[in-house]
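Novice: sharing a model prediction with you, sequence too.
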Amino acid sequence: MCTVVVRVPDSSDEPVRLMAVRDEDPHRPWNPLGEWWPDRPGVEGVRDQLAGGAWLAARGPRLAVLLNRGGHPEGTPAPQLESRGGIVLAAVDGRPPEGTPRTLGFNLVEVDGSEVTVTSWDGELLKRERLAPGTHMLAHDDVDDDTPRIAAWRDAFARTPTDGERWFDPWVRVLAESATLDPSDDRAIIRDNHAHGYPTVSLLACVAEVSREGSEVRYAELAEPGAWNPLEF
């Protein structure tokens, strides 16, 4: 139940700005932001140690981040399902999902220069949409939907300017404001999802600026899973 906020610029001369908060089982090991894939020189990302894929990855003007979504492809037994982490690495290679993925459901956010697309898979239908200029928010359903988390915070992110070298600081302040909610609250971004039947909690966040010239990604971990502390990117 991760969360992504992304600002799509009006002009292709301006950068895309993105913030992503990762929710995962804290007992599932990961590697922090780094170049973990020798067969993919120049790719940096947050690596899942068990399956070897990425939650978020970037190379040059491409970035991709994946959020879990409900859905199971009909007729595919659980042992035959593929890891979703490979989707992120394929995306930064310029190969977005197509056909009928043999994975559980997902939302994939892809940035290519100044363009942002979201590919969604619910186990039945694969759909892809290009996001219009503006500020968008996405979790485990549709872009800019009316689920409590997005309804509570999208406008706050949209109103907040993102200028200067530390453009992300105002968004982090909004994130800190959201963290005054109980982490089990449906509106919370920094989350503990045990109350909803999932073993996932918020673990870390990344902020990224992407343009035609390349990408800059920064990483910060929460000191205690599911509990807010000021993040140092």
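Specialist: Happy to help now that I have it.
Novice: quick check: phi and psi at residue 172.
Specialist: When quoted as degrees, to the nearest 10, the phi and psi of residue 172 stand at phi -60, psi -30.
Novice: now swap in residue 175 and tell me
Specialist: With angles defined as degrees, to the nearest 10, residue 175 sits at phi -60, psi -40.
Novice: contacts only, for it.
Specialist: For residue 175, the contacting residues are 19, 21, 189-190, 205, 231, by CB atoms under 8 Å, 6 or more residues apart in numbering. All C-beta atoms are positioned from the backbone trio N, CA, C, and that covers glycine.
Novice: of these - the most surrounded one?
Specialist: residue 189 (30 neighbours; other CB atoms under 10 Å).
Novice: hang on, that one in a strand?
Specialist: No - secondary structure of residue 189 (DSSP: H, G, I helix; E, B strand; the rest coil): coil, not part of a strand.
Novice: for the closest residue to it other than its chain neighbours, give me its contacts.
Specialist: Leaving aside its sequence neighbours, residue 189 sits nearest to residue 178 (CB to CB, 6 or more residues apart in numbering; 4.5 Å). The contact partners of residue 178, by CB under 8 Å, 6+ apart, come to 152-153, 187-190.
Novice: make CSV out of these and add distance to residue 28 and pLDDT.
Specialist: Below are these laid out as CSV (distance: CB to CB, whole Å; pLDDT from 0 to 100):
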residue, distance to residue 28, pLDDT
152, 28, 98
153, 26, 98
187, 25, 97
188, 21, 97
189, 20, 98
190, 18, 98
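Novice: from those, which single one is nearest residue 140?
Specialist: Closest approach to residue 140 among those (CB to CB): residue 189, at 12.4 Å.
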